[in-house]
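Novice: Sequence and computational prediction follow.
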Number of protein chains: 2
Amino acid sequence: MSEKVSDAEYAVMEALWEISPMTAADVTERVKESRGWSIQTVKTLLSRLLAKDIIAAEQDGRRFLYRPVVEREAYVTGESRRFVDRLFGGRAAPLVAHLAEQDQLSREDIEELEALLKALKS
Amino acid sequence: MSEKVSDAEYAVMEALWEISPMTAADVTERVKESRGWSIQTVKTLLSRLLAKDIIAAEQDGRRFLYRPVVEREAYVTGESRRFVDRLFGGRAAPLVAHLAEQDQLSREDIEELEALLKALKS
DNA sequence: TTTCACTGTTTACAGATGTAGTCGATTCGA
DNA sequence: TCGAATCGACTACATCTGTAAACAGTGAAA
C-alpha cells in the first residue's frame, strides 16, 4: 500500500504520468505554468516521492531520470475508493445522484453514462 | 469559502452532522468506536473547527454545545467538485466509467443510476 | 586550467495535523 | 464544606507539507 501523495507531490506525478522518464529540470519545466515552483522545490518533491516509493530513479550520467512506479490508473482507483467510501458510504449511486443535484452533470455526461450502463447490463 | 477540514476533523463533523448540538463529551462518546481519541483530542479538534468557522458553539451553563455551520450537503458538494476536477478533469462520466471498470458498481448501483438518468432526461 | 552551470543532498523553516498534557475555574457529590 | 470530576483554554510536540536556500561535486565551456 503505497503512501499518501500530497497535493504538491500530485502535481509532479501528473507531469510524470504524462511523460516519463524525465529529469528534475524537465519536470520543473512542465509544472512551471500551473505552479510557479523553483527547481529546488521540485527536487524536494521528487525526493519525497522517491522515499515513498511512488516513483523510481535511474541514474543517467550525473543526473537521474525519474519515472512513476505507481501507475496513474492504480492511484486513481485508490483515491476513488477512498473518496466514495468516505463521503458516500462506499456506494457510487449516491455520488452520481449528488453530482446530478448539483447540476454537475452535463448533457454529454448523461449520455455517456447511459451508454456506459447499457454496456454494463449486457 | 470555508477552510479545509482535515481527516481527524472530518470524523468529528460526521458525529455532529448526525446529532447536534452536542457537548465535547458527547462527541467523544460518539467517535470512541471508530477512533480511540481522548476527550482532550476531541476538544482540540472542536477548537480548530471553531476557529475555521466550520462549527459554532453556544454556551450552555459551563459547557458549550457545538453544532455544524457548514452543512454536510455543502461540504460534500465542495469535496466532490474538487475530487472530480482533480482526478477526472471535472467530468463525472469518466469517474463513473472508472468505478465501473474497477467493479465498484453493484447491480443495485447500476439500477439506481439508470432510474436516476431516466429522471434527469425528463 | 579555471570558472561556471547544473546535479543531487542536506538543511531550513513556517504552518497544518494528530494526539494529547497541564492548568485554573467551577460545579457536584458526600 | 471540601475534595473530585469536569470544563474550556493554553501549551506541547512530533510529523507532514509547501517552499525553498546552502552546499558540495562534476562536467563543460572558455
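Specialist: Everything's here; your move.

Novice: low pLDDT regions in chain A?
Specialist: A:1 (pLDDT under 70).

Novice: hmm, who's touching stretch A:14-22?
Specialist: A:26, A:27, A:30, A:31, A:55, A:58, A:65, A:66, A:67, A:68, A:71, A:72 (Cβ atoms under 8 Å, 6 or more residues apart in numbering or on different chains). Every C-beta, even on glycine, is put in place using the N, C-alpha and C of the backbone.

Novice: Is any residue of that stretch near DNA strand C?
Specialist: No. Counting by Cβ under 7 Å from any atom of the strand, no contacts exist between stretch A:14-22 and DNA strand C, the nearest distance being 9.7 Å.

Novice: what distance separates that stretch from the centre of its chain?
Specialist: 11 Å (Cα atoms, centre = their mean, to the nearest Å).

Novice: List the buried residues for that stretch?
Specialist: A:15, A:16, A:17, A:20, A:21, A:22 (16 or more other Cβ atoms under 10 Å in any protein chain shown).

Novice: excluding its backbone neighbours, what's nearest the fifth one?
Specialist: The spatial neighbour of residue A:21 that comes closest, neighbours along the chain excluded (Cβ to Cβ, 6 or more residues apart in numbering or on different chains), is residue A:65 at 3.6 Å.

Novice: now, among the contacts of stretch A:14-22, which is nearest to chain B?
Specialist: residue A:72 (9.2 Å; Cβ to the nearest Cβ).

Novice: tell me the SS of the residue nearest to the closest one when sequence neighbours are not counted?
Specialist: Among residues not flanking residue A:72 along the chain, residue A:17 sits closest, at 4.3 Å (Cβ to Cβ, 6+ apart). Put simply, residue A:17 is helix when judged by DSSP: H, G, I helix; E, B strand; the rest coil.

Novice: Quick check: residue A:17 vs DNA strand C, distance?
Specialist: Noted for residue A:17: a distance of 19 Å to DNA strand C, by Cβ to the nearest atom of the strand, to the nearest Å.

Novice: repeat for residue A:3
Specialist: The gap separating residue A:3 from DNA strand C is 14 Å, by Cβ to the nearest atom of the strand.

Novice: Check for me that residue A:2 belongs to a strand.
Specialist: No. Counting by three-state DSSP, residue A:2 is not part of a strand but coil.

Novice: before we move on, the earlier item: in which helix or strand would I find the residue nearest to residue A:21?
Specialist: strand A:63-68 (DSSP states H and E).

Novice: Does DNA strand C have contacts with that strand?
Specialist: Yes. Under the criterion of Cβ under 7 Å from any atom of the strand, strand A:63-68 makes contact with DNA strand C via A:63, A:64.

Novice: what's the next secondary structure element after that strand?
Specialist: Per DSSP H and E, the first helix or strand lying C-terminal to strand A:63-68 is helix A:72-88.

Novice: Report all helices and strands that that next one contacts.
Specialist: On a contact count with 3 or more Cβ pairs under 8 Å, 6 or more residues apart in numbering or on different chains; DSSP states H and E, helix A:72-88 meets helix A:7-18, helix A:92-101, helix B:72-88, helix B:92-101.

Novice: What parts of chain A come near DNA strand D?
Specialist: A:4, A:6-9, A:35-38, A:40-41, A:43-45, A:48, A:61-62.

Novice: Write the PyMOL selection for whichever of these are buried.
Specialist: Remark: buried members of the residues of chain A next to DNA strand D, expressed as a PyMOL selection using 16+ other Cβ under 10 Å:
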select buried, chain A and resi 9+37+43+44+45+48
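
Novice: From chain B, how far off is residue A:7?
Specialist: 9 Å (Cβ to the nearest Cβ, to the nearest Å).

Novice: show me the contacts for that residue.
Specialist: Counting by Cβ under 8 Å, 6+ apart, there are no residues that residue A:7 touches.

Novice: picking up where we left off before, got the buried residues of stretch A:14-22 as TSV, with distance to residue A:89 columns?
Specialist: Below are the buried residues of stretch A:14-22 laid out as TSV (distance: Cβ to Cβ, whole Å):
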residue	distance to residue A:89
A:15	34
A:16	33
A:17	30
A:20	36
A:21	40
A:22	39
